[in-house]
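In: Attaching a predicted model along with its sequence, questions to come.
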Amino acid sequence: KVSKDGLSAQVEAGRLSDTNITSGIYGGLGTANYQGVSLGYDNGKFDAKASYQNFDWDTPTMKWGENLGIWSVGAGYKFGDNIHASAEYAGTNVDLPSAVTSASKDDQKKAYDFTLQYKGVSPDDVNSWGAYASYRYLGDAVSVASTYDLNGSIQSGQKGWQLGAKYVPFKNVIGTAEYGENKDLATGKDVNTLFGRIQFLF
């Protein structure tokens, strides 16, 4: 990764283990080769980014899983010292397998996120806190290894609202609480989640 005058560029390459794949569409295909490139800009008030990732599964019988390309764009703006609004969109033109019904294919090939963040936390700043509200839509064909799955407020293949807050009661201790009111894209089933965590940093 290189950066200068608010501009940044990053190139990545590696292997993605099946155990790290959160998408129900790509789960079970095994390990994938991965390459990615991203560009970003941040002047402290306005930020923007664009990226492209390519995944290539080893399984030769799954031709639709070869050379999966995902592109994304996003931007954010900081209002004053405490409020940050952001939006991001991602898509793919992969030819999905017949296991994904025609009615839901287009729904699964896009993802987006609108987030409003208030303040934030620092492990060294006792009583610091932050909160956010988001609406997210995570199509399963785009959310290969979604980081949102780490907190459980929304999973790949779902859409819905999430609310969350963090608080530092003691130095190097962070408390997190998050709630998600979501819907499964394939079945339409409501999936509501509640997540809590205490982190001790050393």
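Out: Looks like it came in fine. Residues are numbered from 1 along each chain as shown.
In: Can you report how many residues lie near residue 202?
Out: 3 (other CB atoms under 10 Å). Using the backbone N, CA and C atoms, a C-beta is placed for each residue, glycine as well.
In: and it, what does it touch?
Out: residue 172 (CB atoms under 8 Å, 6 or more residues apart in numbering).
In: distance of it from residue 46?
Out: Distance, residue 202 to residue 46, using CB to CB, to the nearest Å: 35 Å.
In: Residue 50 against residue 72, yeah?
Out: Yes: counting by CB atoms under 8 Å, residue 50 touches residue 72, with 7.1 Å between them.
In: Neighbour count: those two, which is higher?
Out: Legend: neighbour count by other CB under 10 Å for residue 50 and residue 72, higher for residue 72 (19 against 14).
In: can you confirm the more buried one is in a strand?
Out: Yes: according to DSSP: H, G, I helix; E, B strand; the rest coil, residue 72 belongs to a strand.
In: tell me which element the residue nearest to it when sequence neighbours are not counted falls in.
Out: Excluding its sequence neighbours, the residue lying closest to residue 72 (CB to CB, 6 or more residues apart in numbering) is residue 90, at 3.7 Å. Residue 90 belongs to strand 83-92 when elements are defined using DSSP states H and E.
In: Next, the buried residues of that strand.
Out: 84, 86, 88, 89, 90, 91, 92 (16 or more other CB atoms under 10 Å).
In: give me the beta-bridge partners of residue 183?
Out: Listed by DSSP bridges, the beta-bridge partners for residue 183 are residue 159, residue 190.
In: measure it to residue 145 for me?
Out: From residue 183 to residue 145 the distance is 22 Å (CB to CB).
In: between the two, which one's more packed in?
Out: residue 145 (17 against 14).
In: who touches the more buried one in this structure?
Out: 16, 20, 21, 22, 23 are the contacts of residue 145 under CB under 8 Å, 6+ apart.
In: Please apply the same query to residue 20.
Out: Residue 20 neighbours (CB under 8 Å, 6+ apart): residue 145.
In: Using the three-state scheme, assign residue 106.
Out: Once three-state DSSP is applied, residue 106 turns out helix.
In: Turn the buried residues of strand 83-92 into a markdown table, columns for pLDDT and distance to residue 78.
Out: Formatted as a markdown table, the buried residues of strand 83-92 follow (pLDDT from 0 to 100; distance: CB to CB, whole Å):
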| residue | pLDDT | distance to residue 78 |
| --- | --- | --- |
| 84 | 98 | 5 |
| 86 | 98 | 10 |
| 88 | 97 | 16 |
| 89 | 97 | 20 |
| 90 | 96 | 23 |
| 91 | 94 | 26 |
| 92 | 89 | 30 |
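In: about what we covered before: tell me the bridge partners for the residue nearest to residue 72.
Out: Under the criterion used here (DSSP bridges), residue 90 is bridged to residue 72, residue 111.
In: I'd guessed it sits against residue 71; true?
Out: Yes: counting by CB under 8 Å, residue 71 is a contact partner of residue 90 at 6.8 Å.
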